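>>> Need coordinates for the following:
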Amino acid sequence: METDISPKTSHPNPLRDKVIHADIRIESIEDVPTQVESAPQATPLIEQNSATPEDVANQERAAEMQMWWDEAIAKNMDLPDGYQKVAVLLVKWEDALDELKTRAEAEELEAIFRDRFHFHTETVELNVSSKPQHQINRYLTAFVEMHDGPNNLLIVYYTGHGVYREDHKHLELTASLRPNVKKGFNKDARANWNKAEEVLRSDDVEGDVLTILDTCYSSNFAKSGKEDTRTFELLSACAIDGTTAAPGENSFTRALIDALKELLTEFDDRSFTTFHLNQRILLNPNRRDMPSQLWFRLKYHERHIRLAPLKPLKDRERKSSGLRHPPRGYLTLRFALRDESLNREQIEFLTRNLSKAFNNKSLVGLRRIDWLGLKPARTTHFGRAALAMFAIAQWKKFLYKRREERWSQRTVDEVALPIDMLVEHTDSAASSPTRKRSRDGIEDLPEPKRGLLLIPQLPDHPPSPPVSNSSRVEEVGERMAEEVS
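Numbering: from 1, shown residues only. Reported below is the predicted structural model:
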């Protein structure tokens, strides 16, 4: 007995008895970037998805106060307004390996930093003549060694592909996402940015550091350190797990170049912070779907890196003569203020008087006074309730005082009436010369300060009022006593 187990179908297979010729090729196999398991520890200055308008306004206010403080300190203490030296290192892949063709935008950005800001700039290209990891480590080490200093700023910019390796939790810089298509050497054109960045995060570095990464997944690796004696910020082209556009009108580098030009025109020779720079990039209509991020790479505080065209070398050397030796200690003071923010006039007053207090700078060896932020006082529910109770008590005290003043005025007015009646009665009853002399003595007295409280001085033995009026005086006196009580 045979059983037919073939599937029953009403439509016969149209490819039955056909020969199919196919050419299937696998170009490359890569790890697909996956969701980041743990959120980064660093605190972003602006996170587009969670920042409220109030948060952004507070951050903008903090950036303004820092600018006012730095400018006022530089003026009142005759210190350099900004950095003594700024150096920029631009990192890209060799043209033969660079799949994104980033040369044009990188050169334009370098020209902005060199010609408009007067920064020292240099561009390095990674290749596969040796391990790219060794190359980028060597470039960064030499860059720090040459340009680091307590009053200097180091800027490192990278443009090219980036992939986040979930298995090892690091950002990988790569020349191509399809390394086997063109040349076999492309598969080696990759470097671990986390390892390379350790040179910039080292405790031996004295200057501030700004890294600018125009690459995908550039926010995935952000972690914060504990050092708070300098500023280290990351300006990232995209958010966590985000991607960014290739070179062109929608690229991050194009928006960065445009923002730098606009801020240079707006602020002239004055400085602006990285907050203003990132905010201007966010306002670019071509970048609305790919918001950039500003991260604090070290311990969180409100101090941002300031960018401004460098002054002539002679002026910088003259003002930095007392800052050649790096500081060996930091004094942290906390001032309890009435207001939760300061305006420009208040900051000018503080800096002017602080500079006077440290007038003899050689005594304590003062180098500078940095603005690290102004935080609102912590207020608990109990504190708010106590404040409300205090306000109510003060208001009651004010009302009680006003009521007492009204009662006092009313009492004085009523006391003046019977006294005037008494004096008038005494004058009308006085017919002897003795009484007239007593009246004249009263008029010769100096004018009192409060006329309503004047009680006329009567003779030692004034005559008793007539019997007809004595009962009236007693009645008025009793009524006054009742009113006062």
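
>>> burial of Asp241, as a residue count?
Around Asp241 there are 14 other residues, counting by other Cβ atoms under 10 Å. To be clear about C-beta, it is placed using only N, CA and C from the backbone, and glycine gets the same treatment.

>>> do Lys195 as well
12.

>>> Return the distance of it relative to Arg116.
33 Å (Cβ to Cβ, to the nearest Å).

>>> mind checking the SS state of the closest residue to Arg287 other than its chain neighbours?
Counting by Cβ to Cβ, 6 or more residues apart in numbering, Arg287 lies nearest to Ala255, which is 5.1 Å off, once chain neighbours are set aside. Following DSSP: H, G, I helix; E, B strand; the rest coil, we place Ala255 in the helix state.

>>> Now for Ala255: which residues touch it?
281, 284, 286-287, 292 (Cβ atoms under 8 Å, 6 or more residues apart in numbering).

>>> Quick one: buried ones out of the residues you listed?
281, 284, 287, 292 (16 or more other Cβ atoms under 10 Å).

>>> and those residues, which two are the farthest apart?
Asn284 and Ser292 (9.2 Å; Cβ to Cβ).

>>> Output stretch 204-217 as PDB - backbone C-alpha positions only.
Taking Å, rounded to 0.1, in the frame of the first residue of the first chain, the C-alpha atoms of stretch 204-217 are listed here in PDB:
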ATOM      1  CA  ASP A 204      49.300  64.400  33.300                       C
ATOM      2  CA  VAL A 205      47.400  66.700  30.900                       C
ATOM      3  CA  GLU A 206      47.100  70.200  32.300                       C
ATOM      4  CA  GLY A 207      45.200  72.000  29.600                       C
ATOM      5  CA  ASP A 208      41.500  71.900  28.700                       C
ATOM      6  CA  VAL A 209      40.500  69.500  25.900                       C
ATOM      7  CA  LEU A 210      37.700  69.600  23.300                       C
ATOM      8  CA  THR A 211      37.100  66.600  21.100                       C
ATOM      9  CA  ILE A 212      34.900  66.900  18.000                       C
ATOM     10  CA  LEU A 213      33.700  63.700  16.400                       C
ATOM     11  CA  ASP A 214      31.900  63.700  13.100                       C
ATOM     12  CA  THR A 215      31.100  60.000  13.000                       C
ATOM     13  CA  CYS A 216      28.300  57.600  13.700                       C
ATOM     14  CA  TYR A 217      27.700  56.300  17.300                       C
END
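
>>> Return the set of buried residues in it.
Going by 16+ other Cβ under 10 Å, stretch 204-217 has these buried residues: 205-217.

>>> Sort out for me which of these are in helices.
Of the buried residues of stretch 204-217, none are assigned to helices by DSSP state H.

>>> right, and out of these, which lies closest to Arg328?
The closest of these to Arg328 turns out to be Glu206 (Cβ to Cβ; 11.5 Å).

>>> For that closest one, give me its contacts.
Counting by Cβ under 8 Å, 6+ apart, Glu206 has contacts 148-150, 152, 230, 326.

>>> Just the strands from the chain, written as ranges.
Taking DSSP state E to define them, one finds strands in the chain at 44-46, 85-93, 120-126, 152-159, 161-165, 170-174, 190-192, 208-214, 232-236, 272-273, 293-296, 306-307.

>>> ok, of these, where does mean pLDDT dip lowest?
Mean pLDDT is lowest for strand 44-46 out of the strands of the chain, coming in at a mean of 44.

>>> related to what we said a few turns ago, closest to Glu71 out of the strands of the chain?
That would be strand 306-307 among those, by Cβ to Cβ, at 9.5 Å.

>>> Can you tell me the strand partners of the closest one and which way each runs?
Paired with strand 306-307 in the same sheet, following DSSP bridges, are strand 272-273 (antiparallel).

>>> which residues touch the strand it pairs with?
In contact with strand 272-273 (Cβ under 8 Å, 6+ apart) are residues 63, 66-67, 263, 266, 304-308.

>>> Any quick ChimeraX command for the buried ones out of the residues you listed?
Burial among the contacts of strand 272-273 is assessed by 16+ other Cβ under 10 Å; the matching ChimeraX selection reads:
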select :63,66,67,263,304,305,306,307,308
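
>>> Show me which of the contacts of strand 272-273 is closest to Lys397.
Using Cβ to Cβ, Gln66 comes nearest to Lys397 of those, at 41.2 Å.

>>> Hmm, Thr274 and the closest one touching each other?
No. Using Cβ atoms under 8 Å, Gln66 is not in contact with Thr274, being 10.8 Å away.

>>> What residue spans form the domains of the chain?
Using automatic domain parsing, the domain parsing of the chain gives 44-320+327-364, 381-484.

>>> Now the weakest link among the ones you listed, please, by mean pLDDT.
domain 381-484 (a mean of 59).

>>> which ones are touching Asn76?
351-352, 354-355.

>>> Can you list the residue ranges for helices in the stretch 1-150 of the chain?
All helices of the stretch 1-150 of the chain, identified by DSSP state H, counting those that start in this stretch, fall at 53-76, 103-111, 132-147.

>>> What's the separation between Phe272 and Glu266?
For Phe272, the distance to Glu266 equals 8 Å [Cβ to Cβ].

>>> That should have said His120, apologies.
For His120, the distance to Glu266 - Cβ to Cβ - is 24 Å.

>>> and Thr121, what are its bridge partners?
Val88.

>>> what's the burial count for it?
With other Cβ under 10 Å as criterion, Thr121 counts 20.

>>> Equivalent analysis for Asp167, please.
With other Cβ under 10 Å as criterion, Asp167 counts 7.

>>> Kindly report the same for Leu350.
Number of residues near Leu350 (other Cβ under 10 Å) recorded here: 18.

>>> got it, and Leu260?
For Leu260, the count of nearby residues is 20 (other Cβ under 10 Å).

>>> Next one: the closest residue to His161 other than its chain neighbours from Thr274, what distance?
Spatial nearest neighbour of His161, chain neighbours left out: Thr174 (4.7 Å); criterion: Cβ to Cβ, 6+ apart. Counting by Cβ to Cβ, the separation of Thr174 from Thr274 is 27 Å.

>>> Many thanks, I have nothing further to ask.
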